[in-house]
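K.L.:
Here is my input, please return the structure:
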Amino acid sequence: MPKQTQDHSTGIVVILLILLAVVAAIASTFFYSRLWATSSYTSRPVTVIKTKEVNTNTAATEEVHITAPEKNSQVTTPIAVSGTAPGTWFFEGSFPVRLEDLQGNILTQTYTQAQGEWMTEGPVEFTSSVEYSVSEETSAVLVFQPDDPSGLGVTEEYRHPVLLLP
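P.N.:
Presented below is the predicted three-dimensional model:
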């Protein structure tokens, strides 16, 4: 076989290998981007933990207790919040609480603070002071969620209705 034909064949093989590598790279990028999009943490459903009065039998329902303010009570700012939650809800001794109106608009958000040893799976007492500003009586909900330092997406929450007074 003449040298020119051999060089030509080698060039075609090299070009074909490069094209194959490019196609494989594009296909794997497409596959992994589709896989990542379908397993996105933001697409996880949120489980709403109902209050004990609803008579649900989930373990988490019985683990979250709000002692103040009372459910559906009239409150003024700052709201003195206290209760118990599982130690697994805490990170560095706190977990988030937010105040939403009935349309889901966030009025304010802050953190609870453990009132004792929080590195346990058992119940841990907590307190918080939630400040807000409204110009008229407003039905709202205190929303408690486990802290999520990993950013994987919270899948639980505990909702506690209150009536905000100006």
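K.L.:
hey, where'd the helices end up in the protein?
P.N.:
Remark: helices assigned in the chain by DSSP state H are 3-38, 59-63.
K.L.:
Lowest average pLDDT across those helices?
P.N.:
Sorting the helices of the chain by mean pLDDT places helix 59-63 lowest, at a mean of 57.
K.L.:
Straight-line length of stretch 109-124, end to end?
P.N.:
Stretch 109-124 has an end-to-end distance of 21 Å (criterion: C-alpha to C-alpha, to the nearest Å).
K.L.:
Same check on stretch 95-110?
P.N.:
Start-to-end span of stretch 95-110 (C-alpha to C-alpha) is 9 Å.
K.L.:
Check stretch 86-94 too.
P.N.:
Span of stretch 86-94 from end to end, C-alpha to C-alpha: 11 Å.
K.L.:
and that stretch, how far out from the chain's middle?
P.N.:
Relative to the chain's own centre, stretch 86-94 is displaced by 14 Å; criterion: C-alpha atoms, centre = their mean, to the nearest Å.
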